[in-house]
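# With the input below, show me the fold.
(2 chains)
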Amino acid sequence: MEITDEMRRHSAAHLTARAVCNLFPGTQTDIGPATDDGFYYDFDLEHRLAPEDFPALEKEIARLIALDEPFVRAEMSRPDVAARLAGQKYKLERLADIPEGETISTYEVGDYFEMCRGPHVEHSAQIGAVKLMKVAGSYYRGDENNKMLQRVYGIVGKDQAELDAYVARLEEAKKRDHRRLGVELDLFHLDPEDPGQIFWHPKGWTIYVALQDYMRAKLIKDGYQEVNTPAIMPRSLWERSGHWDHYKANMFVTESEKRVFAVKPMNCPGALEIFKSRMRSYKDLPLRLAEFGHCARNEPSGTLHGIMRVRGFVQDDAHIICTEEQIEEEVAKFCRLLKDVYKDFGFDKNLLVKLSTMPEDHVGDEATWQHAEAALAAACKASGMDYEIQPGEGAFYGPKLEFTLIDALGRPWQCGTIQLDYQLPSAERLNAEYIGPDSQKHHPVMLHRAVLGSLERFIGILIEHYAGSFPLWLSPEQVRILPITDKQVPYAQKIRDALAARGLRVEIDASADKLGAKIRNGTVAKVPYLLVAGGRDEAAGVVSVRQRGAGDLGAMKLEDFIAKVDEDLKNKQ
RNA sequence: GCCGGUAUAGCGUAGUGGUAGCGCAGCGGUUUUGUAAACCGCUGGUCGGGGGUUCGAAUCCCUCUGCCGGCUCCA
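Okay, here's the model as predicted:
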């Protein structure tokens, strides 16, 4: 039998549970699966587990591995399993979940018994080396109304060397963390006094604007019209839209002269207000209204994360108001746009596509839902993207496609999305109408969609994706000119003016530093091109080009450098 | 919001009950330099806020806030 990583991780989880039970008698165990990069196990015990407990636990795990006992699989009857699990209340509840008639398998290693589907390693020494990483709270069955258990996370290596290599990789990944690079590269800061709100510094805002301009050009090419709607809108509107009932806890509410207003958490009502501002014909559909709308959501404090999850952010939002027949083509059109955009950033294998289907709590009849889900699926397939289905994870008003990107530490973030909405334009909500070919009034369907998701989150992903070394077109400082002595500063200014006239973002390092230090500073700042301008260069009318990652390219004429830069910009390098 | 951890200068950190240190950055000066760090000097901290224990608290306790790791939720 081939021993897989998953088997070793899952088996390590069992031994971790055994170790915790050995060291802390009376521990209640829940479940402990393998994950993409290790495993976890959930426990309920009096003692608060802490990293200080890890050395003792790891020692015990190592001891159990060294015993090299076999993992013995058995199939047992329900009462027999229940008898063996006596006193383990979570295990017994899990046992009760298993449908009648299904085979119940168990694994036993030494004196440790567990109900488990497996598969496992044959004997414990095959696990390798185990390291515990962190302990965190986790609701039983993932339900916030349940008791919070203690979850221990661990990683597994075939041997100590592989484990060490994995830990080293994690350390490297941490260096890409956007929270760290954001400060190091002077892109933005977050003020503890105003949690979840971003202060964009000149360099970060340059990236932001470059990304927004890029997206704007794509939208206009794709038949969108850009609009802008108020940041603060009245309670009455939010009541009609349904947000007051369903989303109030996440809204910042304010007041003026006894009237209540809320800062918008979403842009959709604004778009529909524009649609409704005059009589519309079926000939106006699909109407694609794009908005870089700034939204404020009062997210729970524990969910905030750098610039990925904040309370103030801008979506590259758009609302497509169309007929039901137009849904499929509009979704397909969106998928093509998204794919085209993501390709420019090299997102491919770290992209997950999910189709979230009808939840239990939903509006609308089932046939409509099925039609809508099929339309999303077909459009997704038509653009050549594979998706996985998340049953019951759709919004109450419609199904959605979610496009999730992975950050430096392997955490998923939903970025792009397209959601079908029959509800908001309906008579019960904002009552949007158009005149059909039959001269009668009809309610349109609305698609909420974003390609990047939020600019803030997407830039966070980009910082980690590029490890701060942005491609030329996004780099806040594209070229830095390094005069070797004060004498070349006028020459440097001449070059700077010539490049700036072409729209490039250029700075001069006129400090008293030596060339070596200027190069180091430019390298640390991850500037794509450093142009050395010394006496020799000035005499020859050239610049000595140093490219990020490639090093010294030697001297070249300014027009040759410009041609090179144009090439990079064209290729989004 | 929940569970756990944590908080020392802009950033990285030392300091376990007895006068808050170091590196980098910043600022001033000297140096005018050819491909990853010149030299000298200076500034900067009511040790996250509040309360308590103590003759004395960065250090021990309580509490609030932020942050970190997860969970729930989400762009």
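# Please tell me how far the residue nearest in space to the middle of chain A sits from A:Gln488.
To find the centre residue of chain A, average its C-alpha atoms and take the closest one (CA atoms, centre = their mean): that gives A:Trp413, at 1.7 Å. A:Trp413 sits 46 Å away from A:Gln488, taking CB to CB, to the nearest Å as the criterion. Just so you know, the C-beta spots here come from the backbone N, C-alpha and C atoms, and that holds for glycine as well.
# From A:Trp473, how far out is A:Asn571?
Shown here: A:Asn571 relative to A:Trp473, a distance of 9 Å by CB to CB.
# Assign a three-state SS to the residue in the stretch 201-350 of chain A that RNA strand B sits nearest to, would you?
Distances from the stretch 201-350 of chain A to RNA strand B, computed as CB to the nearest atom of the strand, single out A:Gly302 as the nearest residue at 2.2 Å. Using DSSP: H, G, I helix; E, B strand; the rest coil, the three-state assignment for A:Gly302 comes out as helix.
# Can you give me the neighbour number for it?
6 (other CB atoms under 10 Å).
# got a list of what it touches?
Shown here is A:Gly302, which makes no contacts under the criterion CB atoms under 8 Å, 6 or more residues apart in numbering.
# now the helices for the stretch 251-400 of chain A?
Counting by DSSP state H, counting those that start in this stretch, the stretch 251-400 of chain A has these helices, from start to end: A:268-275, A:327-344, A:366-382.
# roughly how far is stretch A:455-471 from the heart of the chain?
11 Å (CA atoms, centre = their mean, to the nearest Å).
# Could you tell me which residues within that stretch count as buried?
The neighbour-count check on stretch A:455-471 (16 or more other CB atoms under 10 Å) flags A:455-468, A:470-471 as buried.
# what's the average pLDDT for it?
Across stretch A:455-471, pLDDT averages out at 96.
# Quick check: nearest residue in space to A:His362, chain neighbours excluded?
The spatially closest residue to A:His362, leaving aside those adjacent along the chain, is A:Phe396, at 5.3 Å (CB to CB, 6 or more residues apart in numbering).
# A:His10 in helix, strand or coil?
The three-state assignment at A:His10 reads helix, by three-state DSSP.
# measure it to RNA strand B for me?
Taking CB to the nearest atom of the strand, to the nearest Å as the measure, A:His10 falls 17 Å from RNA strand B.
# which non-adjacent residue is nearest that residue?
For A:His10, the nearest residue in space outside its immediate sequence neighbours is A:Ala34; the separation is 4.2 Å by CB to CB, 6+ apart.
# Spit out the contact partners of the closest residue to A:Leu49 other than its chain neighbours.
Counting by CB to CB, 6+ apart, A:Leu49 lies nearest to A:Val135, which is 4.7 Å off, once chain neighbours are set aside. When contacts are counted by CB under 8 Å, 6+ apart, A:Val135 is found next to A:49-51, A:150-153.
# Could you tell me how many residues sit around the residue nearest to A:Glu324 when sequence neighbours are not counted?
Distance criterion CB to CB, 6+ apart; nearest residue to A:Glu324, sequence neighbours excluded, is A:Val445 at 5.4 Å. Using other CB under 10 Å, A:Val445 has 27 neighbouring residues.
# Can you tell me who A:Val445 pairs with across the strands?
In this structure, A:Val445 bridges to A:Cys322 when assessed by DSSP bridges.
# wait, A:Leu430 sits on A:Ser241?
Yes - taking CB atoms under 8 Å as the definition, A:Leu430 is a contact partner of A:Ser241 at 5.9 Å.
# so what sits against both of these two?
The contact sets of A:Leu430 and A:Ser241 overlap at A:269, A:424 (CB under 8 Å, 6+ apart).
# How about the residues of the stretch 401-550 of chain A by RNA strand B?
Counting by CB under 7 Å from any atom of the strand, the residues of the stretch 401-550 of chain A close to RNA strand B are A:402, A:409, A:411-415, A:417, A:450, A:453-454, A:456-457, A:484-487, A:512-517, A:519-520, A:523-524, A:530, A:532, A:534-537, A:544, A:546.
# Let's verify A:Ile481: helix, strand, or coil?
On the basis of three-state DSSP, A:Ile481 is classed as strand.
# bridging residues for it?
With DSSP bridges applied, the residues forming beta bridges to A:Ile481 are A:Ile508, A:Leu531.
# quick one: contacts for it?
A:Ile481 makes contact with A:492, A:495-496, A:506-509, A:530-531, A:533, A:543, according to CB under 8 Å, 6+ apart.
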